[in-house]
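Participant: from the sequence below, what's the structure:
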Amino acid sequence: MTADQTDPVVRTPHGAVRGRYERGIAVFRGIPYAAPPVGPWRFRPPQPPDPWDGVRDAGAFGPTAPKPPYSEAFAQYLSDPDIPGDDCLNLNVWTPEPGPGARLPVLVWLHGGALTRGSSAVPVYGGGAFARDGVVCVSLNYRLGVEGYGLFPDAPPNPGLRDQLAALRWVYDTIEAFGGDPGRITLCGQSAGAISAGVLLAAPQTQGLVRRAVLQSGPPEVSDRDKVRRMVRRMAARLRIPATAEAFAAVDRDLLLRTQAEVGRLGSPVLGGPAFGIVVDGDVVPGDPLKALTEGTAARDVDLLMGWTRDEYRLWLVPGGLVERVDRLGAVALAGAMARCHAGHEIPRGYRVLHPEAGAAETVGQMVTDHLLRVPLHRLADARTGAAYVYEFAWPSLLPGLGACHALELGFVFATGDLPESRKLAGEGAPQELCDAMHAAWVRFATTGDPGWAVWDATHPVQVFGDGDPHIAYGPRDAEVALWTTAATVPPPPRPPHTVPRAPGAELAAAMRRLRRSVGALRR
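Facilitator: Next up is the predicted model:
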């Protein structure tokens, strides 16, 4: 037989594509779901791709979105392939049964990377194991950084999020030809991908497109518009151009990426600072997505699976020796975390009572993790009692200091822990039994809506994936979460008479600046 006769071919709305069979799984890579975002479309919403004649080869990953490389400190743990080319709005499909009629569940993957890095070509995200187990897996690229999330007066906000929406619509309209069921789409993401998935759940344009959703280490949230504008304005100042999309489009892309990396050097979940993020735009994001999902009618029929890793913060602090530096900063680091989280003194005091053995770095890291991830995910789970499942990944990496850090669970979810790219973060010898259990839970959820443990209710059951067999813990983070919810409902004590008011947050802001300078010096 010829290659043309043996390779799988599927027709999409824009033309036919030829994939490859790999271990009995049909794999299609680099399928365009939108036109290349170049020229007049560089900072604009995605447009449909031009149709093509004949059969387009889909054997290799397509170009990745423009992005700066990880710093050396992070690159030792995280892989991020860079594939050049303008046609970066593409996706990949793994399916056991190409062709209409199979009606298999579908999992759509949104990668993380702080909206500035990452791609669907990261080997850890290979969808072969999902397809092997009867789930059609789709992963996609979307615009990143200033081209995907810059805020300009002369261009619509959130083009990267609009890319994701266009890809999701493509999946809904096309996936049946690949063996998928458009009525059983699970939208799944980690970190920035989870934030994006949560925002899309609340978007009016996605209603009816998604049956289930998985949010790994990321809640539905939007960024402050001024914070995003500061990122753009600082880039513009360095480039000596106006802070407009027209001016940015005229800048050499490599120079733009270098400038973006320099300006964003001090941004992190722990440190805060200017950063790119999804903003309210009155269209795809009409308001606060968490409020829409907890208090409104958005996605009320969508089943939810969500959770976190036990030591999220360690991926943010361990590279470059930041744990030791924060521990030495002590009270300054705690003051910085209070400013970052807008927390009063009673919250770090509560953490010290709950965890008296913890150092400054662990206290700061867990405070920020709870503030950014666990508190809003608890709030979402409470609003979806009876339709939400919660997990905690608690297996510690075999590499020194990482613990159960951010992104460590990915090789387990995708059953790709045997790849070198997964071992960069997990080390050698990750337990196969845990990988099998976690991957199977995600397959069950995508297939039936039930991952295999107790649904969220007033007892707060959390499935813990750690050493030994997975097990349920009831309310393992309730005490920490309560510190934040109590602080939000208790008014501040009255100020004694005849005192001069101090500038609100001035001392904490100064402490935060000192912390950033210390971390910046170390990163350089």
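Participant: going forward, measure contacts between C-alpha atoms and count neighbours the same way
Facilitator: Will do.
Participant: low-confidence ranges in the chain?
Facilitator: Flagging of the chain using pLDDT under 70 yields the residue ranges 1-5, 266-273, 332-334, 336-340, 487-524.
Participant: longest strand of it?
Facilitator: Among all segments of the chain classified by DSSP state E, the strand with the greatest residue count is strand 180-190.
Participant: alpha carbons only: can I get that strand in CSV?
Facilitator: Extracted as CSV, the C-alpha positions of strand 180-190 are listed here (Å, rounded to 0.1, in the frame of the first residue of the first chain):
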residue,chain,number,x,y,z
GLY,A,180,-15.8,13.0,18.5
ASP,A,181,-19.2,14.0,20.0
PRO,A,182,-19.8,17.7,19.9
GLY,A,183,-22.2,17.3,22.8
ARG,A,184,-19.6,15.9,25.1
ILE,A,185,-16.7,18.4,25.0
THR,A,186,-14.6,18.8,28.1
LEU,A,187,-12.7,22.1,28.2
CYS,A,188,-9.5,21.5,30.2
GLY,A,189,-6.5,23.7,31.2
GLN,A,190,-3.8,24.2,33.7
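Participant: got the angle for the helix or strand following it vs strand 180-190?
Facilitator: Sequence-wise, the next helix or strand downstream of strand 180-190 (DSSP states H and E) is helix 192-202. Between helix 192-202 and strand 180-190, the angle comes out at 130 degrees (axes from the mean of the first three to the mean of the last three Cα atoms, to 10 degrees).
Participant: next structured bit after helix 192-202?
Facilitator: For helix 192-202, the succeeding helix or strand toward the C-terminus, using DSSP H and E, is strand 212-216.
Participant: sorry, back to before: so which bits of the longest strand of the chain are buried?
Facilitator: Judged by neighbour count using 16 or more other Cα atoms under 10 Å, the buried positions of strand 180-190 are Gly180, Asp181, Pro182, Gly183, Arg184, Ile185, Thr186, Leu187, Cys188, Gly189, Gln190.
Participant: can I get those in JSON lines with distance to Thr294?
Facilitator: Conversion of these to JSON lines gives the following (distance: Cα to Cα, whole Å):
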{"residue": "Gly180", "distance to Thr294": "30"}
{"residue": "Asp181", "distance to Thr294": "28"}
{"residue": "Pro182", "distance to Thr294": "25"}
{"residue": "Gly183", "distance to Thr294": "23"}
{"residue": "Arg184", "distance to Thr294": "23"}
{"residue": "Ile185", "distance to Thr294": "21"}
{"residue": "Thr186", "distance to Thr294": "19"}
{"residue": "Leu187", "distance to Thr294": "18"}
{"residue": "Cys188", "distance to Thr294": "19"}
{"residue": "Gly189", "distance to Thr294": "19"}
{"residue": "Gln190", "distance to Thr294": "20"}
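Participant: quick one: residues contacting the residue nearest to Gly287 when sequence neighbours are not counted.
Facilitator: Distances taken as Cα to Cα, 6 or more residues apart in numbering place Val280 nearest to Gly287, at 5.6 Å, with adjacent residues excluded. Shown here is Val280, whose contacts under the criterion Cα atoms under 8 Å, 6 or more residues apart in numbering are Val222, Ser223, Arg225, Pro286, Gly287, Asp288.
Participant: now do Val280 against Arg225, distance only.
Facilitator: From Val280 over to Arg225 the distance is 8 Å, taken as Cα to Cα, to the nearest Å.
Participant: circling back: how far off centre is the longest strand of the chain?
Facilitator: 16 Å (Cα atoms, centre = their mean, to the nearest Å).
Participant: which other helices and strands does that strand contact?
Facilitator: When contacts are defined as 3 or more Cα pairs under 8 Å, 6 or more residues apart in numbering; DSSP states H and E, strand 180-190 packs onto strand 104-110, helix 159-174, helix 192-202, strand 212-216, helix 432-448.
Participant: please repeat the previous calculation with a cut-off of 10 Å.
Facilitator: Based on contacts counted as 3 or more Cα pairs under 10 Å, 6 or more residues apart in numbering; DSSP states H and E, the elements that strand 180-190 packs against are strand 104-110, strand 136-140, helix 159-174, helix 192-202, strand 212-216, strand 303-309, helix 432-448.
Participant: now the helices: where do they sit in the stretch 201-350 of the chain?
Facilitator: Secondary structure of the stretch 201-350 of the chain, counting by DSSP state H, counting those that start in this stretch: helices at 225-239, 245-249, 253-263, 289-295, 314-317, 322-329, 331-341, 346-354.
Participant: export those helices to a markdown table and tack on mean neighbour count and distance to His439?
Facilitator: Listed next are the helices of the stretch 201-350 of the chain as a markdown table, based on neighbours: other Cα atoms under 10 Å; distance: least, Cα to Cα, whole Å:
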| stretch | mean neighbour count | distance to His439 |
| --- | --- | --- |
| helix 225-239 | 18 | 36 |
| helix 245-249 | 18 | 42 |
| helix 253-263 | 17 | 34 |
| helix 289-295 | 19 | 27 |
| helix 314-317 | 22 | 22 |
| helix 322-329 | 18 | 31 |
| helix 331-341 | 22 | 33 |
| helix 346-354 | 15 | 33 |
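Participant: got JSON lines for the ones you listed, with distance to Ala35 too?
Facilitator: Listed next are the helices of the stretch 201-350 of the chain as JSON lines, based on distance: least, Cα to Cα, whole Å:
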{"stretch": "helix 225-239", "distance to Ala35": "25"}
{"stretch": "helix 245-249", "distance to Ala35": "17"}
{"stretch": "helix 253-263", "distance to Ala35": "18"}
{"stretch": "helix 289-295", "distance to Ala35": "28"}
{"stretch": "helix 314-317", "distance to Ala35": "35"}
{"stretch": "helix 322-329", "distance to Ala35": "42"}
{"stretch": "helix 331-341", "distance to Ala35": "39"}
{"stretch": "helix 346-354", "distance to Ala35": "49"}
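Participant: show me the one of those that comes nearest Arg132.
Facilitator: Across those, Arg132 has its closest neighbour in helix 314-317 (30.8 Å, Cα to Cα).
Participant: need the contact partners of that closest one.
Facilitator: When contacts are defined by Cα atoms under 10 Å, 6 or more residues apart in numbering, helix 314-317 is touched by residues 74, 77-78, 268-271, 322-326, 361-362, 365-366, 401-408, 425, 519.
Participant: hmm, 7 Å instead?
Facilitator: Val323, Leu402, Gly403, Cys405, His406 (Cα atoms under 7 Å, 6 or more residues apart in numbering).
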